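J.: My questions concern the predicted model and sequence given below.
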Amino acid sequence: MYNLKYKIWLDNDGKVFGQGPYELLVRVKEKGSLSEAAKSMDMSYNKAFNLIKNIEGRLGFSLIKSKTGGVGGGFSLLTDDAENLLQTYAKFYKECEEALNNIFNKYFT
């Protein structure tokens with residue numbers, strides 16, 4: 001009959017971190033490149049770069065360590081802070097998802 005829809009993000013006088021940035025960082029980790037991660041999400045590199053820089057400014061720490069391309073090519077790696085944020089956010093999101101589904105099922109099934 002009904003479907004539950006929701007968005008969960010961290011806020012600090014504006015959106016700081018949510019599922020979109022989470023997914024972008026997961027793909028940076030997988031692909032070793034912000035450019036490739038952005039491309040895989042149909043996002044421009046500039047949009048991804050600006051998103052990361054905005055989040056870093058709000059969080060107060062760096063998320064990505066990068067080396068620009070050249071003969072050997074460039075790369076992007078997640079910082080330890082970014083790795084910790086991904087792990088913590090994933091656990092937090094899963095717990096929220098479970099709680100919301102339980103509450104939804106209590107009232108709408």
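T.: Arrived safely, thanks for sending.
J.: what's near enough to touch the residue nearest the centre of the chain?
T.: Note on the chain: the residue nearest the mean C-alpha position is Tyr22, at 1.4 Å, using CA atoms, centre = their mean. The neighbourhood of Tyr22, defined by CB atoms under 8 Å, 6 or more residues apart in numbering, consists of Leu86, Tyr89, Ala90, Tyr93. Using the backbone N, CA and C atoms, a C-beta is placed for each residue, glycine as well.
J.: Past the host helix or strand of it, which element shows up next along the chain?
T.: Tyr22 belongs to helix 19-31 when assigned by DSSP states H and E. Next along the chain after helix 19-31, taking DSSP H and E as the criterion, comes helix 34-40.
J.: mean confidence for the helix ranked longest in the chain?
T.: Taking DSSP state H as the criterion, the chain has its longest helix at helix 80-108. Averaged across helix 80-108, pLDDT comes to 97.
J.: Could I get the buried residue list for it?
T.: Residues of helix 80-108 classed as buried by neighbour count (16 or more other CB atoms under 10 Å): Ala82, Leu85, Leu86, Tyr89.
J.: what angle do that helix and helix 19-31 make?
T.: With axes from the mean of the first three to the mean of the last three CA atoms, to 10 degrees as the basis, helix 80-108 and helix 19-31 are set at 130 degrees to each other.
J.: how far does helix 80-108 sit from the chain's center?
T.: 14 Å (CA atoms, centre = their mean, to the nearest Å).
J.: Count the neighbours of Ala48 for me.
T.: Ala48 sits with 21 neighbouring residues when counted by other CB atoms under 10 Å.
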